[in-house]
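Trainee: Sequence first, then the predicted structure, then my questions.
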Amino acid sequence: MTKSLNAIAQKLMEPGKGILAADESEGTIAKRFAKINLPNSLDLRRDYREMLFRSTEAMTKYISGVILTEETLEQSAADGTAFRAILADADVIPGIKVDRGAFPMPGDHNEKITEGLDGLRQRLVRYAGHGAGFAKWRAVITINDVAPTRNNIRANAHVLARYAILCQEAGIVPVVEPEVVGDGDPGNHSMERCASVTGDVLEATFKELRLAGVDLGGMLLKPNMVLPGINSRDRPTVEEVARRTVAVLREHVPAAVPGIAFLSGGQTDEEATAHLSAMNQIAGKPWPMTFSYGRALQNVALRTWAGRRENFPAAQVAFSHRAHMNSLAALGTWTGEVDRAA
Ligand SMILES: O=P(O)(O)OC[C@H]1O[C@](O)(COP(=O)(O)O)[C@@H](O)[C@@H]1O
């Protein structure tokens with residue numbers, strides 16, 4: 001096992017801390033801004049991310065790493081301070097999204113394959129030079145009446161393994177994200193189906209990671225939770241989601257992996273926190289579990305900021321609160337009462 005890769009992974013998994021996913025691609029951040037009637041301009045993207053990174057309480061107490069876009073890794077705050085310096089002051093590890101997005105997979109099943117391997121080796125050297133300690137690649141797995149096909153699962157798993165080994169070669173910890181997305185049509189996306197597809201996807205992913213020679217001790221996994229599709233009528237309890245998710249992970253994720261950092265995938269803020277806390281109350285798991293949330297950490301802060309620098313302090317309070325609640329969840333000690341009382 002490469003000691004320094006494992007040391008970075010362990011630091012990202014520091015108890016009571018988790019990862020802030022601030023790596024929304026241009027298209028995704030445009031959608032988030034459109035919801036609050038803001039244009040997707042360079043200055044607004046910079047201001048928004050400056051507000052998050054300068055949330056001193058959240059960043060120093062609850063956040064171990066931030067996933068950045070290429071733009072943000074090389075960007076500075078309005079006063080000229082490099083974002084990397086702001087993160088370094090808070091002892092937060094900068095990470096970088098290195099995939100180039102998910103594109104339609106040939107065939108007519110509405111499946112996607114993530115692109116971005118061309119030139120990745122050279123880009124990783126550059127990102128390492130800019131201080132990136134970890135990198136993220138998201139594979140998108142769709143559920144419908146025929147999908148996911150074995151071909152799509154295998155193709156995405158293979159690409160994840162090729163990305164992961166290139167990261168390790170560059171001294172960067174790969175955060176491997178095979179996401180079974182929750183917007184499949186309700187008739188096909190039951191909790192049961194999500195559990196079985198998530199299991200197949202994890203099985204294929206670890207098979208490819210091993211074949212590629214990836215050091216499992218020098219990576220992190222960023223999976224979805226086992227949930228019914230967002231339009232499904234299933235309403236599982238928090239405990240059921242936690243139990244099913246941990247069961248699938250136990251079956252398919254080797255104990256050598258130093259940590260699991262979940263995506264939030266469109267859950268409400270409180271659901272994402274409650275599910276993480278309930279999972280952490282289950283005894284006997286071989287890996288620590290934390291958050292690597294985008295929306296579930298940022299929703300309220302984004303609305304409170306509303307595009308105005310004068311709203312920074314209020315937005316930072318909102319962000320710190322959510323980060324604190326997820327920190328408690330990472331320790332398995334969150335309760336709804338504590339959340340609402342604060
Ligand atoms: O913009 P993209 O590449 O579609 O990714 C969207 C987001 O998905 C994530 O992987 C998970 O985000 P959520 O927690 O909001 O589901 C983030 O890291 C990323 O910003």
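Mentor: Received, thanks.
Trainee: tell me what the helix or strand where residue 339 lies is packed against?
Mentor: Using DSSP states H and E, residue 339 sits in helix 336-341. Applying 3 or more C-beta pairs under 8 Å, 6 or more residues apart in numbering; DSSP states H and E, one finds that helix 336-341 makes contact with helix 269-280, helix 312-331. (Each C-beta comes from the backbone N, C-alpha and C, glycine too.)
Trainee: what about the nearest residue to residue 252 once chain neighbours are set aside, distance to residue 99?
Mentor: In space, residue 252 comes closest to residue 202 once its chain neighbours are excluded; the distance is 3.7 Å by C-beta to C-beta, 6 or more residues apart in numbering. Per C-beta to C-beta, to the nearest Å, residue 202 is found 18 Å from residue 99.
Trainee: Disregarding residues adjacent in the polypeptide, which is nearest to residue 330?
Mentor: Per C-beta to C-beta, 6+ apart, closest to residue 330 is residue 290, 4.2 Å.
Trainee: ditto for residue 222
Mentor: Distances taken as C-beta to C-beta, 6+ apart place residue 177 nearest to residue 222, at 3.9 Å, with adjacent residues excluded.
Trainee: quick one: the helix holding residue 339 to chain centroid distance?
Mentor: 25 Å (C-alpha atoms, centre = their mean, to the nearest Å).
Trainee: Show residues contacting it.
Mentor: Helix 336-341 has contacts (C-beta atoms under 8 Å, 6 or more residues apart in numbering) with 270, 273, 274, 325, 328.
Trainee: before we move on, back to that, so what's the residue count around the residue nearest to residue 252?
Mentor: 23 (other C-beta atoms under 10 Å).
Trainee: So it: helix, strand or coil?
Mentor: Put simply, residue 202 is helix when judged by DSSP: H, G, I helix; E, B strand; the rest coil.
Trainee: Give me the pLDDT value at it.
Mentor: Looking at residue 202, its pLDDT is 99.
Trainee: Might one say that it is in contact with residue 253?
Mentor: Yes. If you go by C-beta atoms under 8 Å, residue 202 and residue 253 touch, sitting 6.1 Å apart.
Trainee: circling back: can I assume the residue nearest to residue 330 is in contact with residue 258?
Mentor: No. With contact defined as C-beta under 8 Å, residue 290 does not count as touching residue 258 (11.3 Å).
Trainee: if I look at the residue nearest to residue 252, how far off is residue 247?
Mentor: In terms of C-beta to C-beta, residue 202 sits 12 Å off from residue 247.
Trainee: What parts of the protein come near the ligand?
Mentor: Within the chain, the residues that sit near the ligand (C-beta under 6 Å from any ligand atom) are 21, 23-25, 28, 67, 138, 177, 263-265, 293-296.
Trainee: Can you list which of those residues are found in strands?
Mentor: If you go by DSSP state E, these have 21, 67, 138, 177, 293 in strands.
Trainee: For the second one, the count of nearby residues, please.
Mentor: It refers to residue 67. Residues near residue 67, counting by other C-beta under 10 Å, number 29.
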